[in-house]
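J.: build the 3D model from these lines:
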Amino acid sequence: MATKKAKDINQVLTLEEIEAVQDVTERTVPVPQWNGSVVVRSITKRQMREIKRQSRDSDGNLQEELVEKAVFIAGLVEPTVDESVYEKLLDKSSAAIDTITKAILDASHLTDEKQEEREKQFR
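T.: You can find the predicted model right below:
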């Protein structure tokens with residue numbers, strides 16, 4: 001079976017090639033506070049837009065707590081959670097919740113560090 005040769009990073013992609021790429025990733029994240037691991041997935045651009053749209057107050061201001069909750073729910077694959085479970089988890093370790101949320105944001109390249117890393121790659 002022939003393997004497909006990797007494209008040169010400078011080669012322009014076709015729309016079909018972009019659509020075929022499986023760029024939503026999953027990873028296992030250790031959560032030491034819970035003595036185990038969870039599986040998270042990266043957030044798509046569509047999901048992030050929807051999260052931001054739904055996380056605004058009546059004056060249009062983005063509510064950080066709502067963004068964090070929506071990112072956590074959308075990005076946690078195993079175990080799956082809904083709003084009621086998320087609310088229960090708020091009584092657990094802040095470090096554990098932050099570890100999972102950060103892993104989702106890192107996987108989605110939505111942290112400052114990941115954005116700086118991406119910018120360096122294209123300089």
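J.: only C-alpha atoms for contact and neighbour calcs from this point on.
T.: OK.
J.: how about the secondary structure of residue 96?
T.: Residue 96 carries the three-state label helix when classified by DSSP: H, G, I helix; E, B strand; the rest coil.
J.: how confident was the prediction at it?
T.: The per-residue pLDDT reported for residue 96 equals 96.
J.: I figured it hits residue 33, correct?
T.: Yes: Residue 96 lies in contact with residue 33 (CA atoms under 8 Å); the separation is 5.9 Å.
J.: pick out whichever of the two has more residues nearby.
T.: residue 96 (17 against 14; other CA atoms under 10 Å).
J.: residue contacts, the more buried one?
T.: Residue 96 is in contact with 31-34, counting by CA atoms under 8 Å, 6 or more residues apart in numbering.
J.: closest one of those to residue 44?
T.: residue 31 (23.4 Å; CA to CA).
J.: please enumerate the helices of the protein.
T.: Using DSSP state H, the helices of the chain run over residues 15-20, 45-54, 64-75, 83-89, 94-107, 112-121.
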